[in-house]
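Asks: Build me a model:
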Amino acid sequence: MAHINGKLTKRQIEAVSNPGRYSDGSGLYLNVTPTGAKSWVLRTVIKGKRRDIGLGGLSYTPLQNARMKAQEYRTVARNGGDPLAVSRKAVPTFRVLAIEVHAQRLPTWKNPKHAQQWINTLRDYAFPHIGDMDVDRIGSPEVLAVLSPIWTDKPETAKRVSQRLKAVLDVAKAKGFMAGENPVVTIRDAGILPKVAKSQKHHAAMHWQDIPAFYESLKARDAMAAYALRFLMLTGARTGEVLGATWDEIEGNLWTVPASRMKAGKAHRVPLCEEALSILEPLRGLQSKYVFEGQKRHRPLSNMAMEMLLRRMNIQGATVHGFRSSFRDWAGDAAKAPREVAEACLAHSLGNAVERAYARSDLLDRRRRLMGRWSQFVSGKSGKVVKIG
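Replies: Numbering: from 1, shown residues only. Below is the predicted model:
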């Protein structure tokens with residue numbers, strides 16, 4: 001590889017941090033953005049017009065590679081050709097790059113459903129507008145064409161689409177397919193799209209006073225969904241945590257949900273009361289990998305099974321996830337449990353990062369006492385409300 005000289009040195013490139021363009025000579029510049037991102041830009045004349053051509057981010061395009069690429073494009077321009085056309089041969093469409101980025105990120109997602117949703121939102125909302133466009137032609141107007149129709153009508157969806165657009169276009173910049181600021185960032189920083197008030201979505205929950213009667217009706221049902229729902233109610237766990245439970249996670253009267261299946265990414269110990277253990281005992285005989293086996297051998301129950309059970313029972317105004325709220329209301333209103341204990345039962349984090357760093361205990365013993373009282377209440381074995389300290 002022939003060595004090409006210029007004004008900049010590797011040490012200068014590493015040291016520079018102030019935003020601006022730094023000349024290497026012959027129209028090649030190191031571009032530094034306010035965020036500190038560094039990329040190469042070639043300024044040249046193409047058929048009488050001055051044009052800027054992005055040559056890639058510094059992490060993907062080191063100094064000598066940028067100089068060689070700049071020399072190649074200058075030669076094409078001097079001979080009357082269009083270096084933009086030469087560079088564009090390797091530029092993918094947004095659809096192609098999005099699929100590539102999705103494939104690269106697949107191993108990082110814990111939940112296959114979330115992984116599929118990532119590409120599905122782009123397929124549904126971005127591909128119809130910019131899917132077949134080369135990524136170097138996508139600017140603020142094209143991004144606005146994607147986001148504007150859904151920004152106020154579907155704010156949560158629009159937020160996710162915006163994040164995923166940015167991720168794909170960040171990769172396009174890093175690989176040298178785009179020059180300048182990411183248009184998603186430009187739109188965000190300029191405040192072009194209106195602010196949308198956040199709406200808090202709550203899962204419909206059964207009044208805690210009605211829980212014992214409902215639980216009694218569940219006990220009369222000999223169905224896997226009924227067993228799973230009873231277990232969920234007694235443990236305060238989420239649907240995915242219950243349905244994904246395997247027998248190797250349960251030891252004695254303790255169920256340890258691994259970090260990979262927890263929303264917060266941290267392992268959670270769940271104390272099991274006698275009532276919960278009585279649900280598990282007959283299920284061991286199935287010798288399945290999963291505690292709550294579905295219709296297929298060694299596969300878990302469907303994630304809609306418990307919701308469908310509620311519908312068959314004609315339960316109005318309650319959801320499966322809402323039973324966590326029922327427990328939390330009971331813990332505060334009836335048991336007068338300390339907030340940190342009740343929230344720990346639900347695997348919720350409390351306080352800021354510093355407070356959480358010092359709160360090393362998961363309050364297992366105190367949670368066991370509270371969940372034991374909850375079990376007695378739910379199963380109708382105790383009419384008394386005992387304060388939990």
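Asks: what's next to stretch 293-312, contact-wise?
Replies: By CB atoms under 8 Å, 6 or more residues apart in numbering, the surrounding residues in contact with stretch 293-312 are 221, 223-226, 228-229, 232, 239-240, 243-244, 283, 286, 288-290, 292, 318-320. For the C-beta atoms, the positions are set from N, CA and C on the backbone; glycine is no exception.
Asks: What's the mean pLDDT across that stretch?
Replies: Averaged over stretch 293-312, pLDDT sits at 92.
Asks: With stretch 233-246 instead?
Replies: 95.
Asks: Can you tell me how far the residue nearest the centre of the chain is from Ala167?
Replies: Taking CA atoms, centre = their mean, the centroid of the chain lies closest to His114, which sits 6.9 Å from it. Between His114 and Ala167 the computed distance is 14 Å (CB to CB, to the nearest Å).
Asks: likewise Thr152?
Replies: Thr152 is 23 Å from Ala167, by CB to CB.
Asks: Neighbour count for those two, which is higher?
Replies: It is Ala167, of Thr152 and Ala167, that has more neighbours when counted by other CB atoms under 10 Å, with 18 against 13.
Asks: Wait, that one touches Val101, no?
Replies: Yes - between Ala167 and Val101 a contact is recorded at 6.4 Å, counting by CB atoms under 8 Å.
Asks: Show me the helices in the stretch 151-300 of the chain, by range?
Replies: 155-174, 183-190, 211-219, 224-235, 239-243, 274-280 (DSSP state H, counting those that start in this stretch).
Asks: Mean neighbour count, these: which tops it?
Replies: Of all those, helix 224-235 carries the top mean neighbour count, a mean of 23, counting by mean count of other CB atoms under 10 Å.
Asks: Identify all contacting residues around it.
Replies: With contacts defined as CB under 8 Å, 6+ apart, helix 224-235 is touched by 211, 215, 218-219, 237, 239, 242-243, 255, 270, 272-273, 275-276, 279-280, 283, 291-294, 301, 305-306, 308-310, 320, 323, 326-327, 371, 374-375, 378.
Asks: Now do it: distance to the chain's middle.
Replies: In terms of CA atoms, centre = their mean, to the nearest Å, the centre of helix 224-235 is found 27 Å from the chain centre.
Asks: same deal with stretch 128-140?
Replies: On CA atoms, centre = their mean, the centre of stretch 128-140 falls 24 Å from that of its chain.
Asks: What residues sit buried inside that stretch?
Replies: For stretch 128-140, a neighbour-count test (16 or more other CB atoms under 10 Å) marks His129, Ile130, Asp134, Val135, Asp136, Ile138, Ser140 as buried.
Asks: And the pLDDT at the fourth one?
Replies: So the one you mean is Val135. Taking Val135 on its own, its pLDDT is 89.
Asks: which residue sits closest to it, ignoring its sequence neighbours?
Replies: Ala172 (4.2 Å; CB to CB, 6 or more residues apart in numbering).
Asks: residues contacting the one you found?
Replies: Counted by CB under 8 Å, 6+ apart, Ala172 has contacts Leu97, Val135, Asp136, Ile138, Met178.
Asks: cool, Pro128 as well?
Replies: Pro128 neighbours (CB under 8 Å, 6+ apart): none.
Asks: State the phi and psi torsions of it.
Replies: phi -60, psi -30 (degrees, to the nearest 10).
Asks: What separation do you get for it and Arg105?
Replies: Distance of Pro128 to Arg105, given as CB to CB: 22 Å.
Asks: and if you look at Leu283?
Replies: Applying CB to CB, the value for Leu283 to Arg105 is 36 Å.
Asks: So for those two, which residue has more residues nearby?
Replies: Neighbours were tallied for Leu283 and for Arg105 using other CB under 10 Å; the higher tally belongs to Leu283 (18 against 13).
Asks: Tyr290 is in contact with that one, correct?
Replies: No - contact criterion CB under 8 Å: Leu283 and Tyr290 do not qualify, at 9.5 Å.
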